[in-house]
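Chemist: next comes the sequence, and after it the predicted model I'd like to discuss.
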Amino acid sequence: MDKAKQARLEAKGWQTGTVAAFLQLTPEESTLVEIKLALSRKLRQSRQNQMTQAELATKIHSSQPRIAKAENGDHSVSIELLLRAILATGATPQDIGEAISNISAPLPV
């Protein structure tokens, strides 16, 4: 949010802050959320030019709706499923590490 908008909101009595602060996430919890989101983005990026969600689901013995949830960062999707799906697209462990390494460090809450 830009500074001018933030100032206008605060002048009207609104409080501003981060999602992590609002949800009272620890730095570790915030980092875990960022990792899962990075993996979800990597999955979508790796799959899109190669196969459909249904084809990937068949390949890893899952379902198309589950793959859609994984790509959309649904909280119910495990990191294990994200990793299995990404690897099934032909991505390497190095590709996964690069996706994770691009996240920013969490801000203290």
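Modeler: It's in.

Chemist: I'd say Leu82 and Arg41 touch.
Modeler: No - counting by CB atoms under 8 Å, Leu82 sits too far from Arg41 to count as a contact (10.3 Å). Where C-beta positions appear, they are placed from N, C-alpha and C, glycine not excepted.

Chemist: with neighbour numbers in mind, choose between these two.
Modeler: For Leu82 versus Arg41, neighbours defined as other CB atoms under 10 Å are more numerous around Leu82 (21 against 14).

Chemist: quick one, phi/psi of Lys12?
Modeler: Here is the backbone geometry of Lys12 (degrees, to the nearest 10): phi -90, psi 10.

Chemist: hmm, I was thinking of Asn72
Modeler: According to degrees, to the nearest 10, Asn72 has phi -100, psi 10.

Chemist: wait, what's in contact with it?
Modeler: Ser40 (CB atoms under 8 Å, 6 or more residues apart in numbering).

Chemist: okay, and the common contacts of Leu82 and Arg41?
Modeler: In contact with both Leu82 and Arg41: no residue, using CB under 8 Å, 6+ apart.

Chemist: which of the helices and strands in this structure ranks last by mean pLDDT?
Modeler: Comparing every helix and strand of the chain by mean pLDDT, DSSP states H and E singles out helix 19-22 as the least confident one, with a mean of 79.
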